[in-house]
Every structure is written in structure tokens, then in C-alpha cells.
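Trainee: show me how the following folds:
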Amino acid sequence: MRICVYCASSQMCDASYHAAATRLGGTLADAGCTIVYGGGAVGLMGSLANGALARDGKVIGIIPRFMTDVEWQHPGIENLEVVEDMRERKHRLLTGSDAVVALPGGCGTLEELFEAVTLKRLGLYFNPIILLNTGGFYDPLQAFMQKVIAERFMNPEHAQMWSLVDRPEDVLPEIRRTPKWREDARDYAVVR
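Mentor: Sure, this is the predicted structure:
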């Protein structure tokens, strides 16, 4: 299974986020999953990769060229793909993935997450999207998305496009129990 993981480069966030990212990397590696992520060496990106590499996991990093110019790439990643820009990076991260996992993060992580949700709504991505809700990080976002649905900017069915789990160990079971998104997604992409 190829798992796309969106995660932050911040080193300043609470240590619990780093610990969860490290555990997720190890958990996915132990299960034989391939992790594809942003290729960075610091923050939750580095913690995720280090957790997987410590368990001999397969990790693919996809990083824009400008980030390699300032040496943000993870030196331990054997499969590091350098792309031209952020747009290509996002496309390559998602393409061929069997699931998306979003760890806590800032605007970059949220932008990637919302693109995946949008593509799923439009029937262009059909696989599970899991938010690792470490310390309740995504609780406000979940409440906001429920408001988006209640205010009729999205249909009630759209609430099923993603799910939240509290622990890294819950990610794979949630992926496995989440059905493929409906092939007729475009039929109800527009609010009714």
C-alpha cells in the first residue's frame, strides 16, 4: 500500500506531534507500506521519515527544486524525487496513493489536505483521507466542516470524505475499513 502523508516542517510545535509522526512512520513501515511525503528532513516530515527509516521502511520523498537549493531534503531518503514546483509536488504525492493521511500542520498541510478533499468531492480521487487528530488538533476543523455542510456549501454525504483518528496505530485500520468513494461522486458534487 502506498500512503501519501501530508505533514509540517515546523520544529517548534509540541513534542507530542513529533512523537505521533515518528510512531506513524514506524507503524506504516512495520505494515510494509510505502510512505510518500514531502521529502523534508525537519519538523514532522523528518520525524515521520525517521520513524519509518528506523524500521527499514520504504520512503519516497517528493521535493521542489528550490527546497533542495537550501538543503531541506532528508539525507537518509534513497528515493528522493526533485520536481520543479509545489504544484507538481502535490500532484506527484497524490498520484498512485492508496490513501492520504494528514498530520497536524500549517497552511501547506491544510492546502494539500483541502486539495485532496476537493478532488474526492469531484470524483477525481476515490481513496481514504484520514486526519491524525493528535491532541484534538483537527477538532476545530471538523466543527468548521460541519458548519460548511449545515450552511449548505456542501452536501451531508460529503462529511464521509474524510475521517479522524486519535492515534497513529488507528490509521491503518481506518484506511482498511473506509470504502472507496462512490464512482458517481460528480452526480452529487453540486449542493442539492
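Trainee: which residue ranges of the protein form helices?
Mentor: 15-30, 43-53, 65-69, 86-94, 107-121, 139-150, 171-177 (DSSP state H).
Trainee: and of those, who's closest to R186?
Mentor: helix 107-121 (8.9 Å; C-beta to C-beta). (C-beta placed from N, C-alpha, C; glycine too.)
Trainee: who wins for proximity to I77 among the helices of the chain?
Mentor: helix 43-53 (6.3 Å).
Trainee: quick one: stretch 167-186 to chain centroid distance?
Mentor: With C-alpha atoms, centre = their mean, to the nearest Å as the basis, stretch 167-186 stands 13 Å off its chain's centre.
Trainee: which other residues reach the helix or strand of the chain with the lowest mean pLDDT?
Mentor: When the helices and strands of the chain are scored by mean pLDDT, DSSP states H and E, helix 65-69 comes last with a mean of 88. With contact meaning C-beta atoms under 8 Å, 6 or more residues apart in numbering, helix 65-69 is reached by 39-40, 73, 82-85.
Trainee: closest to L132 among those?
Mentor: G40 (17.3 Å).
Trainee: isn't the closest one right next to S9, touching?
Mentor: Yes. If you go by C-beta atoms under 8 Å, G40 and S9 touch, sitting 5.0 Å apart.
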